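S.K.: Any chance you can model this:
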Amino acid sequence: MRLGALLGPIVQSTTGASSRFLAEQARTFEDEGFDSLWSVQAIGRGFAITDPFIALAIAAAATESVEIGTAVVQVPLYHPVDLAHRVFSLMQVCGDRFLFGVGAGSTQKDFDALGRDYTTRFSTFSQRVTELRRIFADGKLDDVELSPWPAVRGGPPMLLGAWSGSGVERAARTYSGWIASAAYRSPAEVISALQRFRAAGGRRAVVSTIQLGPTTDLGATRAMLNEFACAGFDDAVVMLLPGGPSPGNVRRLI
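M.R.: Next comes the predicted model:
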């Protein structure tokens, strides 16, 4: 099982770290042997998180080989052309290292902050993904031509961040992979959903947002990561909170 990490701009705001914090953090994770770096998206929740495309562009420029991913971008918050242009631009920086994790959104405050309709997020998401796939394929949507660079045509692999309803099965059937958040669910719940994903023919499975803070028991964390690995997850993504274990100590758990 590969090990990834969420980039932590929250840490910067609490420690007064320098403006180079994200680049230094990305290099540290890569140097310690992490396989991937990810960024979340949250707006208007009472704390600041760096825009995922900016955070990942910094991480991509500061590293050489780690994969770069969104976990996840709330697609209904964007116009499809705007979002496709951001994706193409990030791919220009990191090439085929980019994994595009997408979701419909789960927090109304993010939608309220941008004047978007939270109640229609699922139907809007489906429409936007269809439009994005059209743009990724040939750079066009109706009368708009983005003229993407040849190296980024086709777009990145899309992974669906989903949990409720038929989202897990949809991730298996129509996406390149699935991202499951472990932030508010037990390992047993996450593994049960993984079994549904595999039964539906799913490929890459990522368990994300495994929060590790000051009171984290690394022995228990090792056991949990081993449980995820034995269940068949391809990737586990940790979120190192302020005062939590060092990247090196976490990397040595796998």
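
S.K.: low-scoring stretches of the stretch 1-150 of the chain, by residue?
M.R.: 9-19 (pLDDT under 70).

S.K.: What segments of it are helices?
M.R.: 9-15, 21-31, 52-62, 80-94, 108-114, 121-138 (DSSP state H, counting those that start in this stretch).

S.K.: roughly how far out does the fifth one sit from the chain middle?
M.R.: By that I understand helix 108-114. 19 Å (C-alpha atoms, centre = their mean, to the nearest Å).

S.K.: Would you mark the buried spots in that helix?
M.R.: Residues of helix 108-114 classed as buried by neighbour count (16 or more other C-beta atoms under 10 Å): D110, F111. Placement of C-beta: from N, CA and C, glycine included.

S.K.: And the residue nearest the centre of the protein?
M.R.: The residue lying closest to the centre of the chain (C-alpha atoms, centre = their mean) is A71, at 1.7 Å.

S.K.: next one: stretch 206-217 to chain centre, how far?
M.R.: Counting by C-alpha atoms, centre = their mean, stretch 206-217 comes out at 15 Å from the chain centroid.

S.K.: again with stretch 190-209
M.R.: 15 Å.

S.K.: Pull that stretch out as CSV, backbone CA atoms only.
M.R.: Extracted C-alpha coordinates of stretch 190-209, given in CSV (Å, rounded to 0.1, in the frame of the first residue of the first chain):
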residue,chain,number,x,y,z
VAL,A,190,-14.4,2.2,5.4
ILE,A,191,-13.4,-1.4,4.7
SER,A,192,-17.1,-2.4,4.2
ALA,A,193,-17.4,0.3,1.5
LEU,A,194,-14.2,-0.9,-0.1
GLN,A,195,-15.8,-4.4,-0.5
ARG,A,196,-18.7,-2.8,-2.4
PHE,A,197,-16.2,-0.9,-4.6
ARG,A,198,-14.3,-4.1,-5.5
ALA,A,199,-17.4,-6.0,-6.1
ALA,A,200,-18.4,-3.4,-8.7
GLY,A,201,-15.1,-3.8,-10.4
GLY,A,202,-13.3,-0.7,-9.0
ARG,A,203,-9.7,-0.1,-9.6
ARG,A,204,-7.6,2.3,-7.5
ALA,A,205,-8.9,2.8,-3.9
VAL,A,206,-7.6,5.6,-1.7
VAL,A,207,-8.5,6.0,2.0
SER,A,208,-7.8,9.6,2.9
THR,A,209,-7.9,12.1,5.8
